[in-house]
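no letters, just coordinates:
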């Protein structure tokens, strides 16, 4: 039987001036302190002064995560309001200019900017990160290899960064394009097992390429500080329902991998090639792309891929009592991802004879509104197999 694995969620947010709709270059120390006071230990600084991060406690259920993050978002909005600031969750800020944003004044971030220069300066991005525990006796790299082929599907569902420097990038996730400027981001190297990963980290450390294992920032990675597998590929989601859906899907995938007798056994060179191509398609086309399932087979739509996931993970989903996650994902496909909704807002404004900056301000308003929405009322959690 699949275990109910504990998990945690990290959300990164942009602060936004409610008058100009732009990111503040240097929000007041009082505003940041108000956020820190509202969150306590869950507050974390980000690379730029106009960003903050929430690092959740450990959750044992999705409703628990929903309650916590809804409360957290509301607390942050209340804390920021007296300073004329709003909270915006998306992979990129439609009106942000990375050239004028100020780095956060902390040693860790100073080191990043010194090491990576313009790459770090351009990294004005926000992501959704999900940690799922992996039992200590298991090889986390083999679990990762079992999950990796599904990761582009999660990226497609999360896409929320179509605009960059005030123009449409043509990508559903320009955040992932910017991530490719960094070393050790994107798809991880091909590792057979934990020993191979440890050899890589030792080589990178010995040669001065990294200072610590956490300097490997891949789309999925074994976390350095926790006994977890960490999802990092996904864009920050304005709608909390979407973030929870993606977190639940990743947790389900990890739980299914943990239950396999030989996780990662089918992750070979061809599967790795397909993974890299599917990531490209996901960041470019999002839910509108077609994806490679297997060699010598026709490509499939996101709808077909999601249906395949439902069949593949059906038993584990029933055991965990999370069958409704697929209904939530299909609802996301019907509504469109945030990238779709942002583009629609801009197109509507342009049709109304607004200028491009005014149209982008409409997209910002939409993101602010969605970030503040409460999650939909959920039905009572379904009973997992074997529960009384």
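Now that the structure is in, tell me what you want to look at. None of the values given here were measured: they were computed from a predicted structure.

mind listing what residue 11 touches?
By C-beta atoms under 8 Å, 6 or more residues apart in numbering, residue 11 lies in contact with 53-54, 69, 89, 126, 128, 236, 243. (C-beta placed from N, C-alpha, C; glycine too.)

quickly find the element holding it.
Of the helices and strands defined by DSSP states H and E, residue 11 is found in strand 7-17.

repeat that for residue 203.
helix 194-206.

listing partners with orientation, what would you give for the very next helix or strand once past that helix?
Per DSSP H and E, the first helix or strand lying C-terminal to helix 194-206 is strand 220-222. Counting by DSSP bridges, the strands paired with strand 220-222 are strand 228-231 (antiparallel).

how far off centre is the partner strand?
Its chain's average C-alpha position is 11 Å from that of strand 228-231, according to C-alpha atoms, centre = their mean, to the nearest Å.

and the contacts of that strand?
7-8, 128-134, 140, 143-144, 147, 151, 154, 219-223, 250, 254.

okay, now the unreliable bits of the stretch 1-150 of the chain?
Applying pLDDT under 70 to the stretch 1-150 of the chain picks out residues 1-3.

how about the helices in the protein?
29-39, 62-80, 107-121, 140-147, 151-158, 174-179, 194-206, 240-259, 269-285, 302-312, 314-320, 325-335, 338-351, 356-372 (DSSP state H).

which ones are touching residue 214?
When contacts are counted by C-beta under 8 Å, 6+ apart, residue 214 is found next to 224-225.

gap between it and residue 184?
Residue 214 sits at a distance of 10 Å from residue 184 (criterion: C-beta to C-beta, to the nearest Å).

how many neighbours does residue 357 have?
By other C-beta atoms under 10 Å, the residues close to residue 357 number 12.

then residue 255?
Taking other C-beta under 10 Å as the neighbour definition, residue 255 ends up with a count of 24.

wait, doesn't it sit right on residue 321?
No. The pair residue 255 and residue 321 fails to qualify as a contact (C-beta atoms under 8 Å) at a distance of 11.4 Å.

bridged to residue 11, which residues?
Note on residue 11: beta-bridge partners residue 54, residue 128, judged by DSSP bridges.

picking up where we left off before, turn the helices of the chain into a markdown table, columns for distance to residue 166.
Listed next are these as a markdown table, based on distance: least, C-beta to C-beta, whole Å:
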| stretch | distance to residue 166 |
| --- | --- |
| helix 29-39 | 24 |
| helix 62-80 | 23 |
| helix 107-121 | 17 |
| helix 140-147 | 36 |
| helix 151-158 | 22 |
| helix 174-179 | 12 |
| helix 194-206 | 37 |
| helix 240-259 | 24 |
| helix 269-285 | 20 |
| helix 302-312 | 28 |
| helix 314-320 | 42 |
| helix 325-335 | 25 |
| helix 338-351 | 11 |
| helix 356-372 | 6 |
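
so which of those gets nearest residue 99?
helix 107-121 (7.6 Å; C-beta to C-beta).

now that closest one: buried residues?
If you call a residue buried by 16 or more other C-beta atoms under 10 Å, then helix 107-121 has these buried ones: 109, 112-113, 119-120.

do the same with stretch 92-104
By neighbour count on 16+ other C-beta under 10 Å, the buried set for stretch 92-104 is 92-96, 98, 101, 104.

got a list of what residue 173 touches?
Taking C-beta under 8 Å, 6+ apart as the criterion, residue 173 is in contact with 91, 155, 158-162, 235, 282-283, 286, 339.

ok, the residues you listed vs residue 194, which is closest?
When the contacts of residue 173 are ranked by distance to residue 194 (C-beta to C-beta), residue 155 comes first, at 24.8 Å.

which of the buried residues of helix 107-121 lies closest to residue 274?
Distances from the buried residues of helix 107-121 to residue 274 were compared by C-beta to C-beta; the smallest belongs to residue 119, at 27.7 Å.

from residue 47, how far off is that closest one?
On the measure of C-beta to C-beta, residue 119 and residue 47 end up 11 Å apart.

what does the pLDDT read for residue 297?
At residue 297 the predicted local confidence, pLDDT, stands at 87.

what's the spacing between it and residue 200?
Using C-beta to C-beta, one obtains 32 Å as the distance from residue 297 to residue 200.

again with residue 288
35 Å.

then residue 373?
42 Å.

residue 306 contacts residue 153, doesn't it?
Yes. In this structure, residue 306 is within contact of residue 153 by C-beta under 8 Å, at 7.0 Å.

residue 137: neighbour count?
5.

got the phi and psi for it?
Listed backbone geometry of residue 137 is phi -80, psi 0, with angles given as degrees, to the nearest 10.

residues in contact with it?
Taking C-beta under 8 Å, 6+ apart as the test, residue 137 contacts no residue whatsoever.

do residue 148 as well
For residue 148, the set of contacting residues under the criterion of C-beta under 8 Å, 6+ apart consists of 187-188, 220, 267, 275.

and those as TSV, adding distance to residue 175, neighbour count and pLDDT?
What follows is the contacts of residue 148, written out as TSV (distance: C-beta to C-beta, whole Å; neighbours: other C-beta atoms under 10 Å; pLDDT from 0 to 100):
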residue	distance to residue 175	neighbour count	pLDDT
187	15	18	97
188	18	22	97
220	16	22	98
267	25	21	97
275	18	21	98
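
can you lay out the residues you listed as TSV showing distance to residue 228?
Written out in TSV, the entries for these read as follows (distance: C-beta to C-beta, whole Å):
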residue	distance to residue 228
187	19
188	15
220	11
267	19
275	21
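
looking at those, which is nearest residue 85?
When the contacts of residue 148 are compared for distance to residue 85 (C-beta to C-beta), residue 220 comes out closest, at 32.8 Å.

which among the contacts of residue 173 gets closest to residue 58?
For the contacts of residue 173, the closest approach to residue 58 (C-beta to C-beta) belongs to residue 158, at 22.1 Å.

wait, what's in contact with that closest one?
91, 128, 173, 233-237, 242-243, 246, 337 are the contacts of residue 158 under C-beta under 8 Å, 6+ apart.
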